[in-house]
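# when you get a sec, could you give me coordinates for this:
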Amino acid sequence: MKRLLMICLLLVFVLAGCGGFYGGTMYSLDDNREMTIEIERSRGGGALRAHDPVKGEEFEGTYTCVEKGTGDMVMWRGKIIGIPSGYIGQGILHGDKGTVITVKMDYQWKGPKAVGFGEGVDRDGNEYQIQFAP
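You can find the predicted model right below:
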């Protein structure tokens, strides 16, 4: 039983550091556009992607993040370690038509999805709301 628990915990830690993109929605608060946004699952930061179907603009960028706090505590190799309760991140999206959006996010990984929210603003002062929902 102990061996099975250790294998499960190892699997959780391995998957937590795996790549892959997880989607959400970014809403323009100025003209009600709905865009897709994707965040790469990685530790400490990663890539961001977004798509604006109305303007036909593709965005790429990066983000960095820090752990928000400790959630569950687990025993790992004789030591008690904390699993992060979530992350706070900031990033920049560069559009292929010249739009640049800075974003701030507060999220956590729930199984195979990101869950949380955020906000963004572009160089013209247009505001965006980001939602990562299960």
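# and the residue nearest to Asp96 when sequence neighbours are not counted, which of the three is it?
Sequence neighbours aside, Glu58 is the residue nearest to Asp96 in space, at 5.0 Å (criterion: Cβ to Cβ, 6 or more residues apart in numbering). Every C-beta, even on glycine, is put in place using the N, C-alpha and C of the backbone. Recorded secondary structure, Glu58: strand (DSSP: H, G, I helix; E, B strand; the rest coil).
# how much space is there between Glu58 and Ala133?
Between Glu58 and Ala133 the distance is 23 Å, computed by Cβ to Cβ, to the nearest Å.
# go on, Asp31?
Distance, Asp31 to Ala133, by Cβ to Cβ: 22 Å.
# which of the two has more neighbours?
Ala133 (12 against 9; other Cβ atoms under 10 Å).
# ok, now which ones touch the residue lying closest to that one once chain neighbours are set aside?
Leaving aside its sequence neighbours, Ala133 sits nearest to Val115 (Cβ to Cβ, 6+ apart; 6.6 Å). By Cβ atoms under 8 Å, 6 or more residues apart in numbering, the residues touching Val115 are Tyr107, Gln108, Trp109, Phe132, Ala133, Pro134.
# can I get those residues in a markdown table including secondary structure and pLDDT?
As requested, these are exported to a markdown table (DSSP: H, G, I helix; E, B strand; the rest coil; pLDDT from 0 to 100):
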| residue | secondary structure | pLDDT |
| --- | --- | --- |
| Tyr107 | strand | 88 |
| Gln108 | strand | 83 |
| Trp109 | strand | 76 |
| Phe132 | strand | 91 |
| Ala133 | coil | 84 |
| Pro134 | coil | 70 |
